[in-house]
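Student: For reference, the sequence and a predicted model appear below.
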Amino acid sequence: MMLEVENLNVHYGAIHALKGVTFHLQEGEIVALIGANGAGKSTTLNTISRLNKPTAGDIRYRGASIVETPPQDIVTKGIVQVPEGRRIFPKMSVVENLEMGAYIFSDRQRIEADIEMVFGKFPRLRERRKQLGGTLSGGEQQMLAIARGLMARPQLLLLDEPSMGLAPIIVEQIFDIIREINQQGTSILLVEQNAQMALSIADRGYVFETGKIVLEGDAGDLLEDPMVKEAYLGGG
Amino acid sequence: MEALRKKIPLTLPQNTVKIIRIIAALLLLALVIVRAIDVAAESQFGADTWLRLSVSGLIIGGMYALIAIGYTLVYGILFMINFAHGEVMMIGTFGGYFVFEAFNAIQVTAADGSQMSFLNANPVIAVFLAFLAGMTIAALSGYFLEKIAYRPLRGAPRLVPLISAIGASIFLQNAGQLLFGPQRRQYINPVVLDRGIGWHVELAGSTVVLTYTGIFSLVLSAILMVGLYVLVQRTKLGRAMRAVAQDKKTAALMGINVDQIISRTFVISGALAGAAGVMWGIHNGLFNYFVGFLPGIKAFTAAVLGGIGNIPGAMLGGMFLGIVESLGPAVLGIDFQLKDVIAFSILILVLIFRPSGILGEALSEEKV
Amino acid sequence: MNKQSLQKSAGSGLVFGIIVIFLALIGFTVVFSGLIQKVLGQSLGVGQIPSISNFFIFLGFLGIWNGWRASRQDKHETLTLAKVLMRAAVAGLSAGVLVMLYGFVVGGLDARGTDMRKYLSMLSSDSIKFFLFNQSLVLGGLIHVGFSTLMALVGGLLAFGSERSQQQVRTNRTKIQKWSQSTWLGKVQGNPYVTYVLMGIVLLLLVLLPRTWGAYWNYVMGTVGIYVLLGLGLNIIVGLSGQLVLGYVAFFAIGAYTFALTTSPEPHNLVWNFWIALAVSVVAAALSGILIGLPILRLRGDYLAIVTLGFGEIIRILLKSDILKDFTMGPRGVRNIAGPTLFGRSFTSDVDFMYLIILAVLLSIFLAKRWQESSIGRAWLAISQDETVAQATGVDTQKYKLLALSLGAAFAGLGGALFASRNQFTGPEDHALMVSINVLVLVIVGGMGSIPGVVLGAFTLKGLPEILRELESYRLLVFGALLVVMMIIRPEGLWPARRPKLEVPVGQDNEPVPLPATAGGEK
Amino acid sequence: MKMVLEARQVSKIFGGLVAVNKVDLIVPEGSIASIIGPNGAGKTTLFNCISGFYTPEIGDVLFNGRKIQGMLTDKVAAMGIARTYQNIRLFKNMSAVENVMVGFEPHLKHGWMTAMLKTPDYQKEQKYVINEASRLLHYVGLAGLGDNLALNLPYGAQRRLEIARALANQPKLLLLDEPTAGMNPQETDEMKDFICHIRDDLGITIILIEHDMRVVMNISDQISVLDYGQKIAEGNPKEIQANPRVIEAYLGPGAAALSEKYRREKTHDA
Amino acid sequence: GGAAPAGNTTSGDTTSGNTTSGDTTSGDTTSGDTASGEPEVCASDEFGCAVIPAGKTVKIGMGAPLTGDYASFGVDISQGAAIAVKDAGTVEGFAFELVAQDTQGAPEGGAAVANKLATDPTVVAIAGHIFSGSTEAAMPIYEKAGIPMMSPSATNPPLTTLGSKVFNRIAFTDAVQGQFAADYLYNKLGFRKIAVLHDGGAYGQGLADVVRQEFTALGGEVVGYEAVTPGETDYTATLSALAAKNPEAVYFGGYVAEGVVLTNNMKQSGLENAVFFGCDGTFGAEFVEKTGANGQGAYAASLIPPESEAKLKFDADYLAAYGVAAGTLSPYTWSGYDAAAVLMAKVKKVAVLGADGSLYIPRGVLVAAVRATNGFTSITGDVTCSEVGECNTAGPTFYVVDNGEWVQAEK
Ligand SMILES: Nc1ncnc2c1ncn2[C@@H]1O[C@H](COP(=O)(O)OP(=O)(O)OP(=O)(O)O)[C@@H](O)[C@H]1O
Ligand SMILES: Nc1ncnc2c1ncn2[C@@H]1O[C@H](COP(=O)(O)OP(=O)(O)OP(=O)(O)O)[C@@H](O)[C@H]1O
Ligand SMILES: [Mg+2]
Ligand SMILES: [Mg+2]
C-alpha cells in the first residue's frame, strides 16, 4: 500500500475543514478526489505534504507514519505536490523554477537531463525558458508548475487542479502527460474540478463534501453514478 | 468638495506627469551642475581635498554597503525591516574588541627576544580572529534574534515584526549599555594597522594619507560583497533563499527547510554586520553600545536607495550614500552639517524618478 | 520519547540559566532585589546592597517559572506527577549547574582580586558576593543548584495542579459565558444605555482626575494625550490608508514650530493669539502633508517609509542648522511659547492644560471616528489592502492618499502645537526620529486601524516607561523586552479593529434588482 | 447598433514580446462577447489595455466613442468599465458588503467636510450605498454573508463578490476574466446563467474571457479568438467551432472525445 | 514672587566667606532655632517646610540622561553625586539619598522628572539637571515648588537671565568660556586664522558662536565655520574641507566623543599642523586616553582646578566605587559631586529637628541659602553664587595635553 490516510481531521482555527477523512492509494494507481469548492480536497493534499498539521488521524506512506515528518523530508521521501493556483516563483526564470523543483538533488548532469525531459513534454516552456515566471500567462504557469513537480522525480505525485484555467487543447495535453507519467511508474493523487476527465483517467475516485468523503469507488462506476453525474459532470 | 475635485484635477494624465517629471529632473540636474561649476570656479579645494573626500566616502560607503546587505537579505526573505540589525553590528564590534583586548594583554617573546603583546607579534592572526569572533557572535545574535523575536510572528501582519524588531533594538542597546557600561571604548589596533599611518600620496603640493585601516576596510568589504553575491547567485543556498523569499509555502513543497533557510539568512546577514562592526572598530576606533544606530539607519537608507531586496542594489546604494555624504556638501558648497539633508534629498529624488530604487524592478506594469 | 522530553527540559533549563546569568551580568539581580526590598517596605540606602532574602525571592520566581515551563511541553498531552517532577528537576538542575559554573568563574576571578568592571561594568566585588549569597564559592554555587532545583519542582507541581484544574476552569468559563448571555448581563452588554453610563463615568473621571492626581500625573497623562493625538493621525495614514510613513515627526515639528515661531517673542516677535496660532499650526501641518505627499504618491511600502523618514530627518536637521539659525533659533530652540488664553485670561496651570488636552483628544477622537466610519475610511482601507485594484474599482487613490496624509498631518500639527505650548519650549531634539517610531509603535501595539487601540497604545507606550521609572536605567531594557513579548502574545494589537456590521436585510422577493440609477453616474 | 467598445489595432509589447498584436475588437451594446485563445495568447493583456492598467503602444481604445487609452484606471472605472480578475483580488480584510460599497466610490459626492459634519445629504447617500450594496449581494446570491470578511468566503462566493463589486461601479461594460475557473460543472452552470442575467436584467455589455467551452458556446453573441497576440478568428459560436484554425490552435478534439479515448484504453488494459 | 525671604541664616555665611573651609561636610552648623513642635520658620516660609518623618531619608533629586545617546553623562554625574552623598554623612541623624531619574537628556523628559520629583515631599533639592534643554523645562516646576537647583553642567547663558530664584549652576556659562577661549587663542597663542567647529547642539553651537564673534572682534580671522553630526566616528570629510583653508587652530565646541574623533582625524585630513582647541566638554581622562599621540598639544578648558587634595580623594573614591577612573565617562563627574555637596551643606544648615522627631527643612530658606553660597570650597574650587545663580566665579582653567596627560597651560 503506497498511501493510507486514516481518520484525518484538520482545523483552521475554528473551522473544521476535514472531518475524519479515510482513503488509500495503491502503488501505480491514479486516484481522483473530486468535490465542490471548499470541500477540503486541497486541505487533504496540503496535510499529506505536511503544510498543515492534522489535529487527529494518521497518514502512512509505504507503511510508515509521516504525520510528524517535516515538509522538506516528505519531498525527499518521494511525495511531491503541484499546488493549486500554480504558485510558481514569480521572480525566477523558467529554468530556475525547474531547478528549484530539483532542489533535493545535487547531481547537475541529472538535473540538466531532467530539464530536457520536461522541455520535451512542454515545448512551450522551452520557448519561454528565460522569461520570469511571474510574467507567464496562466496556462504557461500551470505547465511550469507541473514540470517543476516532475523535476523532483516523484514516486507519488499530488496534483491539485492541474487543468484549472487551461485552454481545452492544453487540458488534453496535460491529461495525456499525467497518464504518461503514471505509466512510467509514478502514482498519482489527482484533485480535479473537471470530474469527467479526472474519472476517465483515474482508476478509483473519492467524492468529498464539506470535509467528508461521501462516495468512493471505481472510477468507471463513479462516472455512472447518478449523484456524481448530477453534481459534477455538468448535468449531461 | 466634488466641485473642487472637478476643478483642480489632482491627477494629471500619465503622460503629462511623466513629461513634467523628466523636465523637473533635467532642471534639477542642470541646477546641480551649475552650482558645482560655480563652486569649482571658486576653487576652494585642491585635488588633494577631493581625493581625501572621495576616499573617506568610499570607506564609509563600503561599511554602509555591508550593513545594507544584511537589511536587504532579511527584507528579501521576510519582507520585514530588521530594525535591530544595527544592534547586531554593535555586538560584532564588541566581539572584535574583546579579542584585541585579550591579545593585547597576552605577552609573548618576539623573534628578537623582546617582549611584545601577542597582538603585535602576530597581527594577522589577531585580526583574523577578531573578525572571526565578531562575525560569529554577530551571526549568533542574528540567529537568536530571529528565533526569539521574529519566528513566533511568521504570518502576522506585515508591520508587527517591525515593532518586535524595534523592541529588540531597544532591548539590545540597553543591554549593551548595562553590560559594558555607558563609556566609549576604543579598539587598540596592532601597530601595523595603526589608524594614523598609511600610504602617502603627493597631490597638489600636499600629502594625502591613505590609511591602511581605510584601504583594508574597503578591500575587505569588497571581498565580502563579491563573496556574498556569488553565494546567493550561484549556490543552492542562495537559490533556496530566493525561493523562500518569493513563496514560503511552495518553497517547502520543493523540499526546502524554510525555517532553516531563514535562520541561515539571519546568520549570514549577522555575520556581515559583524564584519562591518569589527571594521568600524579598526578603522574608526571609538564605539559604544550606540554604535549601531546611525550606521543602521544609513544602511537601511542605502538598501532602499539601491532597491530593497536587491543585493547589488544594496552595495551600490551603500557606496553611493557614502560618497554623496562625503562629496555632496563640497560639490554643492553647502555646510557639512547638511550632508544628511543632501543625502536624503538625493534619496528622495532618486525614488521619485525610480520608485523602487536604483536597481529595483519597475512596478509600473504590474500584472493583474 | 522520554529521553527527548528530558532533553527538552534540560534545554529549557539551560535557557533559564542563561537568563539568570544575563541578569546578573547587567546588575539586574541586585537592582531587582533592591526593588523587592523596597516593595516589602524596608529602606535601602545609596550604594547599599539589598539583603540576600530578597535575592532568594527573585530567584524563586524565576525558578518556579522554569519548572512550570519545562513541565508543560505539549498542550495535548496529559501530565502525570512523575513526568512533571522528572522534567522540573532536570530543568532546575541544569539551570542551577550552569549558574553555579558562572558563579565559580566570576567568584574565582573576584577572589583573585581581578576587577572586571573595566569590561563588565556591573560586576563589582559586592555584587559578585551578593550573587554567591555572601558565601564561599562552593557553598554559594551549591545553594544556587539546590534552590534552583527546589523551586523548579515547586513550579512543576504548580503546573501539574493547574493542569488538573484547567478542565474545571474551562467548563466553568463556558458556564459563566452562558449564564452571562442568558441573564441580565447579556442584555446589559447590548444595551445602549450601558454604553452611555460607561461614557458618563469616563467623562466624570476625565473631569475629576486632573484636579486630584497632581502635577506629575497631569504631565504624564498630558504627554499620553498628545501621543493619542499623534496616534490618531498616524492611524489614518498607516492604519487606514496603508501608507507606511516613518517621518511622521515632520508634521509634529511643523505644528510645534509654527506655533512656537508665531507666539514667541523670540526670534520674530510675532506674539499671536493662542487660538489663531493653534489653527494656523494645524493648517500648516495639513498643507505640509499635501506638499510632502505630492511628489511621493507613486511610492509604496518601504520606499515610502524611507522617503518620509528622510523628510523627517531633513526637517530636524534644517531646524537646528546654522543656516536657519536666525529663523528657528538653531539647536537652542524656541522658548517663551504662549500658553492658552481665553477672554484675556491665561489658564496655563497643569490642571487647565490637562483639560485643554482632554478636550483636544475628545474632539480628535470624534473626528477620526467620523472619517474612519465614512466612505472615506472605506476607500482608505481598500487602498491599504490592494491599491491597484482599489484604483481600478474607481477609487481616486491619489486624492485619498493625499487626504489621508493631510488629515493625519493635521492631527500631528495639533499635537505639536499643544506640546510646544505646554512646555513653553521646543527645540530640534524634540523632533527626533524616535518620535515617529514611538507613534508607529503605539499604533501597532494598540491595533492597526483601531481608535480605542490608539488610546490604549498611547497609554502603553508613554505610560509604561513612566511606571517603569523605578527601574531606573533598566526601564528601557524592560520596555524593549515587553514590546517583543506584547507583539508575540497579541500580534493583532491590544484592541484590534473590527469591521462594522453593515448589511441590511433585503426582501426575499427574487425579483431582479435594477441597476441603481439615482446615484448620479456621469451626470 | 451602438458600439460600446471599439479597439483599433491595439498592440502591447513587453520587452521583445508582442503580447497583443494589432487587435481589433468591436463590441455592440448589450451583447456578450467572448475572447478565447490558448494560454498566453494575450487575452488578459487585452483586458488590461481596455481597463487602463496598460497603455497600448499602438492603437486606440474607444469607449462609447471616447478615447480612453492613457487614462488612469479609476477614471476608466468612473466612465463605466468594470472588471474582475483572473486571480481573485478582493479587499480581503474588509467585509463582503464593504467590498461592494467601495465599488460605489466613483459616483459618490461626499467629501471630508461633509463626512465630518454628517450633513443630511451625506447621510442619505451613505444609507443609499448600504442599501444598494446589500441588494447587490442579494442579487449575486450572497445575501446574509455580507458581514463576513472577504477572505473567509468560499471560493465561488469570492468570485461572485468580485462581480458584485464590479456591478457596484454601475458599469456599462463589464469585463470578466475566467469567471468559472476552479468551479465544478454545477457551479459553472449557475455562473453561466448569472452572466446572462446581468446582461438581460441590467443591460450591461459583457466581454468574457473563458476556457470552458460549454459556457462560451452557450452564451456568446460573438467570439474572438486570439493566438500569439493576434486575432485569428471572429464570429458566432457555430462559425468558431467549425473553424479549423481554432480547432488546431485551441479546441483540440474535445474533452468528450478524449475521455472516451481514456476509457477505451482502460478497458483494453483490463 | 516678592522679596527674598529674610536671610538671617545666611548672613553669617557671607561674612565668613573669605575663610575657606577645608572640609565639605564641616563648617556649618544648624541654625539657632529652638526645636519645639513644628518650627516657626515653616509657618513663615513662602513654600513651607519639607517634612522628613523619622526613619526616612532626605532626598536630593537629579534629572539626568541615564539611558539613550547621552547615558554616559548622566550615569557619570549621578555617580559623582552619589559619592558626595556618601561623604555628606547625616543631618540630625537623617541620611541623605540621591534620587537620579532618567530624562534621556530631552526637555520632555526633564519636565516629567521635575514633576515627579516635585511631588515627592521628601525631595528637598536638585543636583541638576544635566543639559540645558532639560534644565530649562524643569526650572518653572521647581520654581513653583520652591526646590533649589544646582546644575553641574547646564551652561546655556540665558538660563540665569530668566529671573529664576531656584536655579543655580556650578558650570560656567558658554559666554564666559567663549570669551576666555578667544582671548587665549588670539593673545596667548598668537593665532590669527582659526576654524571653528561645533557639534550642532545648543551647548557646542553657543560656544562656537561666542568664540567666532570674540575672535573676530579681537582682529583674528575665522576661516571656516562648520558643524559636525554628533555620534559619528569619521569627520575626515568636514576636516578635509577645512584644511583647504589652512587654519592655524581648530576650535571645537562640543563633547569628548566628537572631540576625540576630530583630533584623531585631523592628521589624515591635512590638518596635521593645526592645533586642536577644545572646551570643557572635551576635557577629561577620556580625551587623552583615546587620542593617544594624536592628542599631543591639544587644548581644553575646565572648571576643575589643577589637582587638589579634594580632587585626588574623590578620584580614588570613584575608582574604588565604579572600577573606572573619574573622567572616563564624562568631564562632569566632579561638578556632579560639587553640586550635590553644596546642596547638602545648605540643607544641613537650614534643617531643623522638630519635637515630633521629624526633620523640618524650610524650603524658601533653603532656596535663599543656596543662592547665597559664598566661599564654599570643594573640588571645583571656590563656589560663590552671584545674585543670579552663577556659582563659578573663577572662570575656566586651560589645559594642554602633554605626554598623555592634561597639564595646566600657561596662564
Ligand atoms: N488557510 C486557511 N485558513 C482558514 N480556512 C481555510 C484555509 N484554507 C482553507 N480553508 C477552509 O477550509 C475549507 C476547505 O478548503 P480547501 O481549500 O481544502 O477546499 P477545496 O476542496 O480544495 O476547494 P477548491 O475546489 O475551492 O479548491 C474551506 O471551507 C476553506 O474556506
Ligand atoms: N507584465 C508582463 N511582463 C512581461 N510579459 C508579460 C507580462 N504580462 C503578460 N506577459 C506575457 O504576455 C503573454 C500574454 O499574457 P496574458 O496573460 O495576456 O495571456 P492570456 O491570454 O490571458 O493567457 P491565459 O489564458 O493563460 O491567462 C504571455 O506570454 C505572458 O508571458
Ligand atoms: Mg482546492
Ligand atoms: Mg489570462
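Tutor: Yes, it's here. Ligands and ions are numbered 1, 2, ... in the order given.

Student: For the stretch 51-200 of chain D, just list every one of the helices.
Tutor: Under the criterion DSSP state H, counting those that start in this stretch, the stretch 51-200 of chain D contains helices at D:73-79, D:96-103, D:112-117, D:120-139, D:155-168, D:185-202.

Student: wait, I meant chain E
Tutor: Taking DSSP state H, the helices of chain E run over residues E:8-15, E:40-44, E:71-88, E:107-119, E:132-145, E:174-183, E:202-218, E:236-243, E:256-266, E:285-291, E:309-322, E:333-350, E:363-371.

Student: related to what we said a few turns ago, go through the helices of the stretch 51-200 of chain D and name the closest to ligand 1.
Tutor: Of all these, helix D:155-168 sits nearest to ligand 1, with 3.8 Å by C-beta to the nearest ligand atom. To be clear about C-beta, it is placed using only N, CA and C from the backbone, and glycine gets the same treatment.

Student: Is chain B within reach of the closest one?
Tutor: No - judged by C-beta under 8 Å from any C-beta of the partner chain, helix D:155-168 stays clear of chain B, getting no closer than 12.2 Å.

Student: can you tell me the average pLDDT over that helix?
Tutor: The average of the pLDDT scores along helix D:155-168 is 90.

Student: re earlier: go through the helices of the stretch 51-200 of chain D and pick out the most buried.
Tutor: Ranked by mean neighbour count, the helices of the stretch 51-200 of chain D are led by helix D:96-103 with a mean of 28 (mean count of other C-beta atoms under 10 Å in any protein chain shown).

Student: Which one of the residues in chain A is closest to chain C?
Tutor: Closest approach between chain A and chain C, counting by C-beta to the nearest C-beta: residue A:55, at 8.9 Å.

Student: Check the stretch 151-270 of chain D too.
Tutor: In the stretch 151-270 of chain D, the residue that lies nearest chain C is residue D:201 (3.9 Å; C-beta to the nearest C-beta).

Student: separation between that residue and residue D:165?
Tutor: 17 Å (C-beta to C-beta, to the nearest Å).

Student: Equivalent analysis for residue D:57, please.
Tutor: 30 Å.

Student: Same question for residue C:395, what's its three-state structure.
Tutor: Following DSSP: H, G, I helix; E, B strand; the rest coil, residue C:395 is assigned to coil.

Student: for it, what are its contacts?
Tutor: Residues near residue C:395 by C-beta atoms under 8 Å, 6 or more residues apart in numbering or on different chains: C:379, C:382, C:383, D:74, D:102, D:105, D:106.

Student: just to revisit the earlier point, didn't the residue of chain A closest to chain C look like it was pressed against residue A:9?
Tutor: Yes - between residue A:55 and residue A:9 a contact is recorded at 4.9 Å, counting by C-beta atoms under 8 Å.

Student: The residue of chain A closest to chain C: neighbour count?
Tutor: Number of residues near residue A:55 (other C-beta atoms under 10 Å in any protein chain shown) recorded here: 13.

Student: Ok, residue A:89 next?
Tutor: 24.

Student: cool, the one 5 residues further on as well?
Tutor: Using other C-beta under 10 Å, residue A:94 is surrounded by 28 other residues.

Student: Then the one 4 residues further on?
Tutor: Number of residues near residue A:98 (other C-beta under 10 Å) recorded here: 23.

Student: Secondary structure element for it, which one?
Tutor: helix A:94-101 (DSSP states H and E).

Student: quick one: the helices in the stretch 51-200 of chain C?
Tutor: Under DSSP H, counting those that start in this stretch, the stretch 51-200 of chain C gives helices at C:52-71, C:81-111, C:125-131, C:137-182, C:184-190, C:192-212.

Student: can you give me the strands in the stretch 251-400 of chain C?
Tutor: C:334-335, C:341-342, C:345-346 (DSSP state E, counting those that start in this stretch).

Student: Looking at the closest residue to residue C:87 other than its chain neighbours now. What's its pLDDT?
Tutor: Spatial nearest neighbour of residue C:87, excluding adjacent residues (C-beta to C-beta, 6 or more residues apart in numbering or on different chains): residue C:9 at 4.2 Å. pLDDT, residue C:9: 87.

Student: Contacts only, for residue C:9.
Tutor: Contact analysis of residue C:9 by C-beta under 8 Å, 6+ apart lists C:70, C:71, C:73, C:86, C:87, C:88, C:90, C:91, C:94.

Student: Do I have it right that the first one meets residue C:89?
Tutor: No - here residue C:70 does not reach residue C:89: they are 9.1 Å apart, not a contact under C-beta under 8 Å.

Student: shared neighbours of these two, anything?
Tutor: By C-beta under 8 Å, 6+ apart, the residues touching both residue C:70 and residue C:89 are C:152, C:156.
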